[in-house]
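Asks: Take a look and give me a structure for this.
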Amino acid sequence: MRKFNIRKVLDGLKEASSSSSSSTPSVQVGPQENNLIQETLQSEHFQLCKTVRHGFPYQPSSMAFDPVQKILAIGTQSGALRLFGRPGVECYCQHESGAAVIQLQFLINEGALVSALADDSVHLWNLRQKRPAVLHSLKFNRERITFCHLPFQSKWLYIGTERGNVHIVNVESFMLSGYVIMWNKAIELSSKAHPGPVVHISDNPMDEGKLIIGFESGIVVLWDLKSKKADYRYTYDEAIHSVAWHHEGKQFICSHSDGTLTIWNIRGQGKPIQTITPHGKQPKDGKKPEPCKPILKVEYKTTRNGDPFIIFSGGLSYDTVGRRPCLTVMHGKSIAVLEMDYPIVDFLTLCETPYPNDFQEPYAVVVLLEKDLVVIDLAQNGYPIFENPYPLTIHESPVTCCEYFADCPVDLIPALYSVGSRQKRQGYSKKEWPISGGNWGQGTQIFIFLTLQLMFFFLAFSVMLQVLYKLKTAKVFDRNRSKEDKGSTEVSDEDPFAIQIMAWCPESRMLCVAGVSANVIIYRFSKLEVTTEVVQLLEVRMQYELNETESPDGGGGEQTSAHPTPGASPQTSGPPSHPSTSSNNSDGGNIPCLKVRSSPLKQSPGYQVDLVVQSVWVSGEPPQQITSLAMNSSYGLLVFGNSNGLTVVDYIQKTVVLNLGTVELYGSNDPYQRQPRSPRKTRQPSGAKMSRKLSLPTELKPDLDHRDNSFSRSRSSSVTSIDKEAREAVSSFHFCETFARKGDCTLTPCLYVGTSLGTVLVLALTLPPAGEQRQLQPIIISPTGMLVRLKGSIMRMAFLDSAGSLVPSAFETWCEPNVTADGEEREKIRKRRPVSVSPSSSQELNESQFAVVCSEKQAKVISLPSQTCIYKHSITEASFILRADVVQMNQSVCVACFCANGHIMTLSVPGLRPLMDVNYLPLTDMRIARTFCFTNLGQAMYLCSPTEIQRITYSQETCENLQEMLGELFTPVETPEAPNRGFFKGLFGGGAQSLDREELFGELAAGKASRSLAQHIPGPGGIEGMKGAASGVVGDLARARIALDERGQKLGELEERTAAMMASADSFSKHAHDMMLKCKDKKWYQF
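Replies: Numbering: from 1, shown residues only. The predicted structure follows:
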């Protein structure tokens, strides 16, 4: 017989009533107090679009450089393109197919880029517009693309395939030529074996009619384009990875799979003239050196006044186990081995000239690593690297959370920049960053703050990001890890130093960070260097067992028991639990998760540790992770909560003010009537291990099947609702000066507490007067009861004044903490900012403030001090909110929400009218949930990959002005003059030989290619190009000037040709007339 459970019946009634009450999208449930507030935001003020992407390209696969425009392009395995010019000029593009980019080729100084993808498609990108777009695409159907080559100032692209064939594409029309180099014609007729895929194609620098084709098997062919046959063939026993020409076109170098380099004369096809194994051990008996790892790429660059450079990646000996990836630079007799932090994906040598038939004069090497971009200065001794100006170090340790701040104090950015500039490493190259193309756009200044295990402060303009300051939080703790933690060498989500939540006050520059090891660090900003002899530690015992009565004076240490919580105990159902230090714990179970360093800590200018608050193990159980965090610099208070309760810390007096379980905050008014839980059995701490898995602060999981719409939030049928309700986590906090109780007529400092069961509780704060008394007298906190209940966990709370403006939290202005000034002078500086509520409006109106509360499911607006709900809106039923913020936009206020089903929504305040609802980004990764955040001025951001930040805007005005904000990649630059051939070379034909490729590859000579071989797909770049051309007067003028110059040049050439034809015609007419006169009177037999 089944047991009848009255509690489940009550839960069902609650669900039914709650679902029926929230069926309408927006309901006005109270009197019309808010009619006095004019809502100015309308739907037309909102539009969602991506703005810019920052950070290192995730999983890079290829790279290209335009030596005239000075632009770098990087392709990734997900089909993304990142283009970099001068610092602040960046662009992100995405191929629709998402296939990996295997090769990139610039049309040098033409404002175009060719990309070849792993799905055997080739695309032409137009870079002359601010948002590059695809002009043409070509999809191969029967052959796999392996290599592409586009000669300088040529419109014919060579494409090598896996079958060993070479096809030719006109990059203007993106049509295939009928001219094809078949593999069986390129190799020896007597050879029966297939030569393998094409791994290299390039034309002779001195003769465009000669093409070198490298096959994977070790065969290299010098193909004569005019005679359509192979002039020479070069065979080596080992597989080929790359080929590079000497600029004179008489020699080339190959890199092989056994770690050797072979140098060949083009006219000597027997054996290479030189074979080098740079990293192989040379045996004394004259035998071949031991094989090494493959040399994946080699470049051969010449200088006018010295030895050539041979630069290659790979080729290390097999016995160098554990050695880091290396780039080797051979210059004359010297060999420099440059170790890299990550595997090398690709590298390029930057040279002074774009012409392959001139002395190259290399000056730098760009090395693309798996997780970094390094530029090496070849002109200085020791080959120093350039200081990278791009914000590519976001992923220096795995990103765990982000915050975004706009409208920061004007003195804050110079202060952070001044302390951050002292952190820069020494030994960089003194030259300017060589990737310097493009022009900046226009934009306003915003401020980003982002956290990892490290912590970065960034300065962001409209499309630019700059690292201001970096803070390492792990320095506070001893780095001695347990044996269990030493198994993994990489930083993972289980890193005990990882940051989970943070709170920051830009005005006072106070910073609090909460780590996954249940610790909170409080930082103060100082411009002076200090040495802290002992880092102040406050240990908190967060265990809430209501049936374990504890005397207010018992179990407390010297730091935490000095100020018990008067005013709190009358409101609770039992005496409050007080924290205790491990030194006074009788059961020996209080163990901190991390050990604060005991040695003196030298703290550089910037953020310096003021206090560490650590939750300790209690009775053999590890502390719960911190789920919410807030601080107020005016009150001098820090508050954090977990799945059981909250702790309020006075960081000025370094004491715990309040330490209560969530159930105790209700007092006798607990709606769930929860009974005290049975005491836990004491366990030994050695048998347990704290889980450091990173999770959302409110313990959200992207699993809609286990979520419930009811108040009980029961997520598993195997656990009773009573047990779920007993574990009510604290999900959010908000400090504000408002009406603490129903019917109050004066403003009181308050702390609002939101829980995972949708309850908002109010705690009134009684603060001692400023000055000396603030250092001595205790702060009294009195729970005043429950304000409102919503569906789902509380995400965000904010307050509006009677005019509808956002009420800012009180703050204290920053002053230097390490200056030993007179106490009275210090207190004059440290004064609390009054809350912006006008007294007249408070007296005239009954309702002086509005509380805006948003949960995972719905939003409500509460009128204060009557505490009546005047508006409520059901945001989502099937899904749940991941992030909600009350933000300022267009001199008004709105609620911005990001939902787990991918929708981004905005609601008006206080009316909660839906203003925007866009299906933007489905939740595919918890990384997005952890890092998505909104800020004022219609901006938002999230971590779109482990190494990249995506910024978006939901403001119509920003979307309209985005074209002006974006930088220009292409700028009009004159192509350098071609190298002078010299008199004798010109006289005897020793210079570079040109080739009329149109005559060879055009439709008239070569015919049409097979239609089934490849499919031409026109791209949307034409329309986008018109949009790009229509934006910006400067861009218009520049393009018009270029077009005018080109037209004038063509007209000049046409005029010269016409004049030459007229002169030729006159000469012919004169000769004909003379011949006629000469032969006029002659008879036929006289001829």
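
Asks: I figured residue 905 hits residue 874, correct?
Replies: No - counting by Cβ atoms under 8 Å, residue 905 does not reach residue 874; the two are 11.7 Å apart. C-beta coordinates here come from the backbone N, C-alpha and C atoms, glycine included.

Asks: So those two - more neighbours on which side?
Replies: Between residue 905 and residue 874, counted using other Cβ atoms under 10 Å, the more crowded position is residue 905 (24 against 21).

Asks: contacting residues around that one?
Replies: Residues counted as contacts of residue 905 (Cβ atoms under 8 Å, 6 or more residues apart in numbering) are 875, 896-897, 899, 914, 916-918.

Asks: 6 Å instead, please
Replies: Contact analysis of residue 905 by Cβ atoms under 6 Å, 6 or more residues apart in numbering lists 897, 917.

Asks: Return the residues in contact with the residue nearest to residue 641 when sequence neighbours are not counted.
Replies: Excluding its sequence neighbours, the residue lying closest to residue 641 (Cβ to Cβ, 6 or more residues apart in numbering) is residue 730, at 2.7 Å. The contact partners of residue 730, taken as Cβ under 6 Å, 6+ apart, are 628, 641, 646, 755.

Asks: So which of the residues you listed sit within strands?
Replies: Among the contacts of residue 730, the members falling in strands (DSSP state E) are 628, 641, 646, 755.

Asks: Nearest to residue 430 among these?
Replies: Nearest to residue 430 among those: residue 628, at 48.4 Å, using Cβ to Cβ.

Asks: For the closest one, grab the count of nearby residues.
Replies: Neighbour count for residue 628, taken as other Cβ under 10 Å: 24.

Asks: next one: residue 333
Replies: 6.

Asks: got the ones in strands among the contacts of residue 730 as a markdown table, with pLDDT and distance to residue 67 columns?
Replies: Shown next, in a markdown table, are the ones in strands among the contacts of residue 730 (pLDDT from 0 to 100; distance: Cβ to Cβ, whole Å):
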| residue | pLDDT | distance to residue 67 |
| --- | --- | --- |
| 628 | 94 | 53 |
| 641 | 94 | 57 |
| 646 | 93 | 60 |
| 755 | 94 | 61 |
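
Asks: Can you pull the domain assignment for the protein?
Replies: Domains of the chain are assigned by the TED database as 251-390, 888-966.

Asks: Can you tell me which of the ones you listed is packed in deepest?
Replies: domain 888-966 (a mean of 20; mean count of other Cβ atoms under 10 Å).

Asks: Nearest spatial neighbour of residue 1020, chain-adjacent residues omitted?
Replies: residue 133 (5.8 Å).

Asks: what do you get for residue 289?
Replies: Among residues not flanking residue 289 along the chain, residue 280 sits closest, at 3.4 Å (Cβ to Cβ, 6+ apart).

Asks: wait, isn't that neighbour in contact with residue 290?
Replies: Yes - Residue 280 lies in contact with residue 290 (Cβ atoms under 6 Å); the separation is 5.3 Å.

Asks: export the ones in strands among the contacts of residue 730 to a markdown table and tack on distance to residue 456?
Replies: Below are the ones in strands among the contacts of residue 730 laid out as a markdown table (distance: Cβ to Cβ, whole Å):
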| residue | distance to residue 456 |
| --- | --- |
| 628 | 23 |
| 641 | 26 |
| 646 | 29 |
| 755 | 32 |
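
Asks: The helix or strand residue 53 falls within - contacts with which helices or strands?
Replies: Using DSSP states H and E, residue 53 sits in strand 46-55. Contact here means 3 or more Cβ pairs under 6 Å, 6 or more residues apart in numbering; DSSP states H and E; on that basis strand 46-55 packs against strand 914-919, strand 948-955, helix 956-960.

Asks: quick one: which of these is nearest residue 633?
Replies: The nearest among the helices and strands packed on strand 46-55, by Cβ to Cβ, is strand 948-955 at 27.5 Å.

Asks: Neighbouring strands of that closest one in the sheet, and parallel or not?
Replies: Paired neighbours of strand 948-955 in the sheet (DSSP bridges): strand 46-55 (antiparallel), strand 939-945 (antiparallel).

Asks: For it, what is the distance to the chain centroid?
Replies: 10 Å (Cα atoms, centre = their mean, to the nearest Å).

Asks: my read: residue 649 touches residue 638, true?
Replies: Yes - the pair residue 649 / residue 638 is scored as a contact, 4.5 Å apart, by Cβ under 6 Å.

Asks: mind listing the strands for the stretch 601-750 of the chain?
Replies: In the stretch 601-750 of the chain, the segments counted as strands under DSSP state E, counting those that start in this stretch are 601-603, 606-615, 628-632, 637-641, 645-650, 655-661, 730-738, 748-755.

Asks: Looking at those strands, spot the one closest to residue 965.
Replies: For residue 965, the closest of the strands of the stretch 601-750 of the chain is strand 606-615, at 30.5 Å, according to Cβ to Cβ.

Asks: What residues are bridge-paired with residue 950?
Replies: Per DSSP bridges, the residues bridged to residue 950 are residue 53, residue 942.

Asks: wait, what's in contact with it?
Replies: Residue 950 is in contact with 53, 942, 944, counting by Cβ under 6 Å, 6+ apart.

Asks: Quick check: the last one vs residue 57, distance?
Replies: When distance is defined by Cβ to Cβ, to the nearest Å, residue 944 is 11 Å away from residue 57.

Asks: Which residue, other than its chain neighbours, is closest to residue 109?
Replies: Distances taken as Cβ to Cβ, 6+ apart place residue 68 nearest to residue 109, at 4.0 Å, with adjacent residues excluded.

Asks: got TSV for the helices and strands packed on strand 46-55, with distance to residue 161 too?
Replies: What follows is those, written out as TSV (distance: least, Cβ to Cβ, whole Å):
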stretch	distance to residue 161
strand 914-919	40
strand 948-955	33
helix 956-960	43
